[in-house]
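# This is a predicted model, with the sequence first.
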Amino acid sequence: MVEYKVAFLGPQGTFSHEAASLVSDNLVSYCSIQSVMAAVESGECVQGIVPIENSIEGPVNLTLDSLIHNFDLKIKNEIVIPINHNLLAARDMSVDEVENVYSHSQALGQCQPYLERHGITAHYTLSTAAAAKRVAETGQDAAIGTLKAAELYNLKVIDTNIQENFNNETRFVVLDSNDSPITGKDKTSISFSLFEDKPGGLYEILSLFAKNDINLTKIESRPSKEGLGHYIFFIDLEGHRLDDDISLILKDLERNTSFFKILGSYPIFRDDLFK
Ligand SMILES: O=C(O)C(=O)C[C@]1(C(=O)O)C=C[C@@H](O)C=C1
């Protein structure tokens, strides 16, 4: 456990809080993903924990976009935790009495079939715990959130495990001003844009990894915000940016792309990493 301050998406009782608790006891809550990142960039906190992807809903776009366009932070670690969603309300009621539910967009997405089945209307909040807090304060409607949030905000648990499937996991990243040294079991996250839209453009880049037997664990694209048809690609690969073969490929990639940013090298998540 580290002593320095670590920022997380709050308030208390979010899934980000659960992930951040694995890293530190000295946690500070912020109300948005951008304010977590700003706290690390300004030095207010040494590290920040933000969600980056979910096994049902996919990428957390705000995290990807902010890492590219707004902040210069490095990924120091990844944390994967199982996500079980619960329906919470201020009083005991049956699911069929619930008409409106509040939660984070990712959580609402992960529970969408359940909400549809019960005819419940979804409303967004900045986090699951912000929704729980709102329901506790107004005494109205329901929230989707953690059991910890039910305990903290004194809410009744109306239903449990309401997500679409039982293998729901979210991957969080620990952001810092530096990434991690080589451990031998690492991953590297990079992002880049192609010079031009031409046949085989992305294939040429990907073939650099294939030829060197480097396994890619994720590929994603986001609009570059320069107009339709312009994209930024995000790739996670196995290995460290300082490994000999990977550092050569990354240099080659930098020369052959119009935009290139290394988001960081970090140990591949294992359950025992933070114990
Ligand atoms: O609102 C929370 O509890 C969060 O920590 C955010 C978040 C996310 O953005 O993905 C984290 C995990 C779950 O996937 C749902 C919501």
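The structure has been received and is ready for your questions.
# what about stretch 80-88, how long is it end to end?
24 Å (C-alpha to C-alpha, to the nearest Å).
# which residue ranges form the helices in the stretch 101-250 of the chain?
Listed in chain order, the helices of the stretch 101-250 of the chain (DSSP state H, counting those that start in this stretch) span 105-110, 112-117, 128-138, 147-152, 201-211, 244-255.
# For the ones you listed, give me CSV that also has mean neighbour count, mean pLDDT and distance to E53.
For every residue, glycine as well, the C-beta is placed using N, CA and C. Below are the helices of the stretch 101-250 of the chain laid out as CSV (neighbours: other C-beta atoms under 10 Å; pLDDT from 0 to 100; distance: least, C-beta to C-beta, whole Å):
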stretch, mean neighbour count, mean pLDDT, distance to E53
helix 105-110, 22, 95, 10
helix 112-117, 14, 96, 17
helix 128-138, 22, 97, 17
helix 147-152, 19, 97, 22
helix 201-211, 14, 93, 20
helix 244-255, 14, 96, 22
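# got a list of contacts for stretch 55-68?
33-34, 37, 50-54, 73, 106, 109-110, 163-165, 167-170, 173, 191, 220, 222, 232, 234, 261, 263 (C-beta atoms under 8 Å, 6 or more residues apart in numbering).
# burial of the residue lying closest to Y231 once chain neighbours are set aside, as a residue count?
With sequence-adjacent residues excluded and distances taken as C-beta to C-beta, 6 or more residues apart in numbering, Y231 is closest to S221, at 4.4 Å. Using other C-beta atoms under 10 Å, S221 has 15 other residues around it.
# Equivalent analysis for H17, please.
With other C-beta under 10 Å as criterion, H17 counts 23.
# Make sure it is actually in contact with A7.
No. The pair H17 and A7 fails to qualify as a contact (C-beta atoms under 8 Å) at a distance of 11.0 Å.
# ok, now which ones touch whichever residue of the stretch 151-275 of the chain sits closest to the ligand?
At 3.8 Å from the ligand, T170 is the closest residue in the stretch 151-275 of the chain, using C-beta to the nearest ligand atom. T170 makes contact with 15, 19, 51, 53-55, 80-81, 83, 106 under the criterion C-beta under 8 Å, 6+ apart.
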